[in-house]
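> All I have is the shape, not the residue letters:
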């Protein structure tokens, strides 16, 4: 282990997992400690899901959303992925000295609107102001509590050979939007973030069947990182059909120019779902009627062979490994 | 052949029953795409693809990294560099290690970004690590010219720019046909390919999509079977015979040919580019009197043999045993365009 924290430790991939294992898990380990998106807590006769998430997006405003909307979606979606109806949120702000009050007001308004849509109430908060330069604009941390739906137990360890792999929409839009909004590449493209609260999306799937093995939101490390995590946790192989993966043409174009893999670009409004093959068509049908999942698609299957690996059938019909996640995103240089 | 569609190129490739052909791709982006698409899997067994020295990071020698680390740690300059170079091991340290010891390392995406950094950080001395082939060199030249025009005196470059023509002389025995790099030829035109043809060296210029790569390979199979040396531009939508006159002119104006050391191939006369004397003030080696560095890498690493097609990445004793993209021993494992990295990441051993 290198002796300092690097950006790769925060990229949501292998190094992040290593950091959690070697530092946080060592100190925090207890019966409720979880590798899933939220912990399950038994309080009296009620089962609750409990989670927290920090948001440090730069820039704080981007096409399709801002850090306020994002901070609600992230935590609501972590609860939804556990099959839990989001109930209450708290939020903590760390604001840079000199930050515009009008902007802060706009972000708070976005939080209110998104919370209302997701059916949660923001019930507590904390405010800190840090000196100029000590934070980048503002950081928001939200913590959420939700009620688990009876009979629903999705988990990253539940993928079974024969399952279908579904994504609930075109992938990589949030990551691509942020890359372009940072304006380092001089590329203009018509891309907006997919940032959205997904409880209603999960609810629509549960109306088809409670028998859903895995639900994960593909955030920081993108769909690829989530697939590797699930392949590891469930000890299965995952076979993808590259032609079936929905990617917006602009996102594909930007990735082509910069040498990036769309499967590793962040999403903020997309779920990766594993369900029995025979349930998959009905799930996709209901998803395609939902506002945030019109491009839902079956992108692959789970196999007993190649456990821990994600294999891609490429456009020329060959099979290659999806490069495992790791490190910072590096655009190619020639 | 120009109208070849993917299925018919695929047919030619799959049905090929001609003589054995060794094909070398000399562009890192080609290497990456060939592995990503899994092209090797669908080739008949007598077709061998060799990943040549076309990734600027991979051919950059250890001594160059040592020079950059010296500038960062001993001279206290801010290094602006493409991200891939940061993790390439030097004799004693990589730039990443230097950074953890306090060196200022700024990752940029183009030479002009480095210029902009220098212009907005006038209290720092900024050195751009100028690596790359004819595709990136014109941009380095433009950054230097702009610095001259604007009187920017805190900006200089450490050149390790390379040119392909002389490398083909060294490589010509390693392959029966070359997949010429579409991006380089877009700048330089196809005169070099025509000249190589006169010397009996075969090749085709290839683009980067699945269809373009498959077409180029199919053309090589058809032409090679006919038994005569050949050249064909299979990327005509981008590559013209004369190339980019603007790009060639700015390189000619700002840089001069010099001998250059290539990792794995050794020193090749006139295969590098250095600043012309008029731009000495922007040459980091002269500005900081950088001592001559003879780098030494890990002796077990076989990057050099990989770059010449003498062995496959998996034949190297440290491949996946101590050398991985997270902890690279050699440069070919660092860059996404390096043969070892692509082989490792896309599961070159998946079906072996």
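Received, thanks. Remember, predicted model here, so these are calculated numbers, not experimental data.

> only C-alpha atoms for contact and neighbour calcs from this point on.
OK.

> For burial, what's the neighbour tally of the closest residue to residue B:133 other than its chain neighbours?
In space, and not counting its chain neighbours, residue B:133 is closest to residue B:162: 5.1 Å by CA to CA, 6 or more residues apart in numbering or on different chains. By other CA atoms under 10 Å in any protein chain shown, the residues close to residue B:162 number 30.

> check contacts around residue B:162.
The contact partners of residue B:162, taken as CA atoms under 8 Å, 6 or more residues apart in numbering or on different chains, are B:131, B:132, B:133, B:134, B:260, B:271, B:272, B:273.

> Give me the three-state assignment for residue B:326.
Secondary structure for residue B:326, judged by DSSP: H, G, I helix; E, B strand; the rest coil, is coil.

> any idea how far it is from chain A?
7 Å (CA to the nearest CA, to the nearest Å).

> what do you get for residue B:37?
The spacing between residue B:37 and chain A, counted by CA to the nearest CA, is 6 Å.

> by contact count, what packs against the helix or strand harbouring residue A:299?
Assigned by DSSP states H and E, residue A:299 belongs to strand A:297-303. Packed against strand A:297-303, as judged by 3 or more CA pairs under 8 Å, 6 or more residues apart in numbering or on different chains; DSSP states H and E, are the following elements: strand A:163-167, strand A:237-241, helix A:280-287.

> closest to chain B out of these?
Nearest to chain B, of all the helices and strands packed on strand A:297-303, is strand A:237-241, at 12.3 Å by CA to the nearest CA.

> any idea how far the helix or strand just after that closest one is from the chain center?
Note on strand A:237-241: by DSSP H and E, the next helix or strand toward the C-terminus is helix A:249-258. Centroid separation for helix A:249-258 versus its chain: 21 Å, with CA atoms, centre = their mean, to the nearest Å.

> Skip ahead from helix A:249-258 and say which helix or strand is next.
strand A:271-276.

> about what we covered before: ramachandran angles for the residue nearest to residue B:133?
Note on residue B:162: its backbone torsions stand at phi -130, psi 160 [degrees, to the nearest 10].

> So the residue of the stretch 151-300 of chain B found nearest chain A versus residue B:27, what's the distance?
As assessed by CA to the nearest CA, chain A sits closest to residue B:210 within the stretch 151-300 of chain B, at 7.3 Å. Going from residue B:210 to residue B:27 by CA to CA, to the nearest Å gives 15 Å.

> who touches residue B:100 in this structure?
Counted by CA under 8 Å, 6+ apart, residue B:100 has contacts residue A:4.

> pLDDT at it, what is it?
For residue B:100, the pLDDT comes out at 88.

> before we move on, what about residue A:20?
On pLDDT, residue A:20 comes in at 87.

> just the one 3 residues further on next, same as before
If you check residue A:23, the pLDDT there is 91.

> ok, it to residue A:9 distance?
Residue A:23 is 12 Å from residue A:9, where distance means CA to CA.

> With neighbour numbers in mind, choose between those two.
Shown here are residue A:23 and residue A:9; by other CA under 10 Å, residue A:9 has more neighbours (19 against 10).

> and that one, that one's in a helix?
Yes - counting by three-state DSSP, residue A:9 is part of a helix.

> does the closest residue to it other than its chain neighbours sit in a helix, a strand or a coil?
Counting by CA to CA, 6+ apart, residue A:9 lies nearest to residue A:16, which is 4.5 Å off, once chain neighbours are set aside. Counting by three-state DSSP, the backbone at residue A:16 sits in helix.

> all helices of the stretch 201-350 of chain B, in order?
Using DSSP state H, counting those that start in this stretch, the helices assigned to the stretch 201-350 of chain B run over residues B:210-225, B:245-254, B:284-287, B:303-307, B:339-345.

> Let me see the confidence value for the residue of chain B positioned farthest from its centre.
Distance from the C-alpha centroid of chain B peaks at residue B:123, with 33.0 Å (CA atoms, centre = their mean). Residue B:123 carries a pLDDT value of 96.

> Where does pLDDT dip in the chain?
No chain specified, so I'll use chain A. Low-confidence segments of chain A (pLDDT under 70): A:1-2, A:12-13, A:326-334.

> right idea, wrong chain: chain B
Using pLDDT under 70, the flagged stretches of chain B are B:1-7, B:348-352.

> show me where it has strands.
With strands called from DSSP state E, chain B shows them at B:21-25, B:47-51, B:78-81, B:104-107, B:126-132, B:155-162, B:177-181, B:202-206, B:231-233, B:255-262, B:266-275.
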